[in-house]
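[1] Predicted model and sequence below, questions to follow.
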Amino acid sequence: MARIVMKFGGTSVANLERIRHVADLVAAEAKAGHEVAVVVSAMSGETNKLVALVDDLDRDRVDGRNDTLGGSIDDEYDTIVSSGEQVTSGLLAIALRRRGVRARSWLGWQIALKTDMAHGKARIDAIENPELSASVGDGNVAVVAGFQGITEKGRISTLGRGGSDTSAVALAVALKADRCDIYTDVDGIYTTDPRIVPEARRLNRIAFEEMLELASLGAKVLQVRSVEMAMNHKLPIRVLTSFAEAGADNPGTLVCEEDAMMEERVVSGVAYSRDEAQITILRLEDKPGMVAKVCKTMSDANVIVDMIVQSISKAESAANLTFTVGKRDLEKAQSALEAVKDEIGFEGITSDSNVTKVSIVGIGMRSHTGVAQTMFEALAERGINVEVIATSEIKISVLINAEYTELAVRALHSAFELEVA
Ligand code: ASP
Ligand code: MG
C-alpha cells in the first residue's frame, strides 16, 4: 500500500465526461488499497475566462492608466480566479462517491495551505490541517482544489498560473506521499516538441535540474516552482497522460534525482520560447557601473532581464549592450529606458521582437566536451545566425530570428541524435 498524490490539469477535467474518466483512474488506485489525495485544476479555459472578467471590469489597470485610485485589487482577483478549482473539486468528489469511493472536497483554506501575501503569485509557507492526513489515512480520498491558498489575514490567495502543479507537490511533501503523479494531456516529457519534430521521443527519466531548465525555458508541462520544490524535497514526480484507460500501460516520465545513465546522455532535450524580445542599447559609455544602471532601470520597471551580451569597441570607448526581455514587457522596457537616456548616457535603443530562444539542456554537458561546437556547427550548416548566447553548466541557449525556429529545433534534435533511444 502506498500513499499517492494524483494531480489532474485543466484538459483532464475539461468536462463531465473527462471528470468521470478521472474518477475511474482515482477509484482504481483507491480500490487497490492505496491512500489517495487528488489535486485538480479548473476546467480548461475556465481560469482564462475568470481572468478576462476581472480585466474587463478593470481596464484602466490593464492599460496601466490607473494603478492608484482605489488601490490594489489583487486580493479580489484571487477570490475570483480561484473559483474554477472549487467547482472541479466538488464535481470529482461526487463522481467518486457514485463509484462507491469515500471522498470529499477540500478547498485551499480547509487544508490550510498557508501562503505569503503576494496575491496572484503567492508562495506556500505550510500546509497545516492535521485532519487532512488523518482523513486520507482512514481511506477517504481527499479531492483538493489546486492553485489556491490562504494568507495570514485569512484572504484567498493563488499560486500563479499553472500553480496546481505546485499545490500537488506541496501536498505530496506535507502528506509524506510515496509518489506525486501529475496527469496531463501528453504522455510524458519529450526530447522536444513533437509538433515540430515528429521523431521526438518520450524520456523515461529526467533529472530534476534538467526539468527545471526545460520548464524555465518554455516547456510548459510543469510549473517551474513545482519542480524546484520537488527537487528540494527529493520527491519524484511522474508526468503521465490522463487519457489512458485505468490499468493501461502508462509509464510517463519520472522526474527524479540524476543517475549515471542520465549523465551518459549529452543532451536530454531541445526547448524553445517565442516569448522573447531583444533590446540593444547603442553606444553606452564603457566605464564601471553602466550595465548596473541599465539593470536597475529594468528592475525598477519590474522587467526581468534574461540573456545579456556586451560588445565593446575599444577605439571609441563605447559599448553596445544587448539583452532579452519577455515579449509582453518590451514596450514597458523601452519607455523606461527612453526616460533615463540622458541621465545614463547612451545614443539610442533598437529592439526586435521577431526572435526565438532555442536551448539544449543536459546534465551530461558537465562531463562531455564539444557540445557547443556541435550546436553551433549544426546551426551554421543551416545558415542560421546567432544573435545572443547564454550558457549555464547544463544548458546552452541561443537567440535567433523567429523564422528559423523550427529549422533550428530540428537541426539540434538530429545533431545530438535525440531521436535514437
Ligand atoms: N487553473 C489555474 C491556471 O489555469 C491553475 C492550474 O491549472 O494549474 O493557471
Ligand atoms: Mg498546467
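    Cool, the structure landed. Ligands and ions are numbered 1, 2, ... in the order given.
[2] Contacts made by the helix or strand hosting Ala52 with the rest, please.
    Per DSSP states H and E, Ala52 falls inside helix 46-57. Counting contacts by CB atoms under 8 Å, 6 or more residues apart in numbering, the residues outside helix 46-57 that touch it are 10, 41-42, 61-62, 73, 76-77, 80-81, 83-84, 87, 147, 161. For every residue, glycine as well, the C-beta is placed using N, CA and C.
[3] now, which of those lie within strands?
    Counting by DSSP state E, none of the members of the contacts of helix 46-57 fall within strands.
[4] Report the buried members of the residues you listed.
    Buried members of the contacts of helix 46-57, scored by 16 or more other CB atoms under 10 Å, are 10, 41-42, 61, 77, 80-81, 83-84, 87, 147.
[5] For these, point out the one with the lowest pLDDT.
    When it comes to pLDDT, Arg61 is the least confident member of these, at 75.
[6] That one contacts Ile73, doesn't it?
    Yes - in this structure Arg61 lies within contact range of Ile73 using CB atoms under 8 Å: 7.0 Å.
[7] returning to that earlier point: close to ligand 2, is the helix holding Ala52?
    No - using CB under 5 Å from the ion as the criterion, no contacts between helix 46-57 and ligand 2 are found, and the smallest distance is 10.0 Å.
[8] residues near the residue of the stretch 201-350 of the chain found nearest ligand 2, how many?
    Distances between the stretch 201-350 of the chain and ligand 2 by CB to the ion are smallest at Gln223, namely 6.4 Å. Around Gln223 there are 23 other residues, counting by other CB atoms under 10 Å.
[9] which ones are touching it?
    Counting by CB under 8 Å, 6+ apart, Gln223 touches 159-166, 215.
[10] Equivalent analysis for Glu29, please.
    Per CB under 8 Å, 6+ apart, neighbours of Glu29: 4, 6, 36.
[11] between the residues you listed, which is nearest ligand 1?
    Nearest to ligand 1 among the contacts of Glu29, counting by CB to the nearest ligand atom, is Met6 at 14.2 Å.
[12] Quick check: Glu264 vs Phe416, distance?
    Applying CB to CB, to the nearest Å, the value for Glu264 to Phe416 is 13 Å.
[13] Which residue does the stretch 201-350 of the chain have closest to ligand 1?
    Nearest residue of the stretch 201-350 of the chain to ligand 1 (CB to the nearest ligand atom) works out as Gln223 at 6.7 Å.
[14] actually the stretch 101-250 of the chain, not the one I typed
    Of all residues in the stretch 101-250 of the chain, Ser164 sits closest to ligand 1, with a separation of 3.2 Å (CB to the nearest ligand atom).
[15] hang on, the earlier thing: okay, Glu264 and Phe416: which has more neighbours?
    Neighbour count, other CB under 10 Å: between Glu264 and Phe416, Phe416 has more, with 23 against 11.
[16] wait, that one sits on Val266?
    Yes - here Phe416 lies in contact with Val266, judged by CB under 8 Å, at a distance of 6.2 Å.
[17] Next one, pLDDT for Asp67 please.
    For Asp67, the model assigns a pLDDT of 56.
[18] Likewise for Pro251?
    96.
[19] who's in contact with it?
    Contact partners of Pro251, counting by CB under 8 Å, 6+ apart, are 188, 204, 240.
[20] repeat that with 10 Å
    Residues touching Pro251, when contacts are defined by CB atoms under 10 Å, 6 or more residues apart in numbering, comprise 187-188, 202, 204-205, 238, 240.
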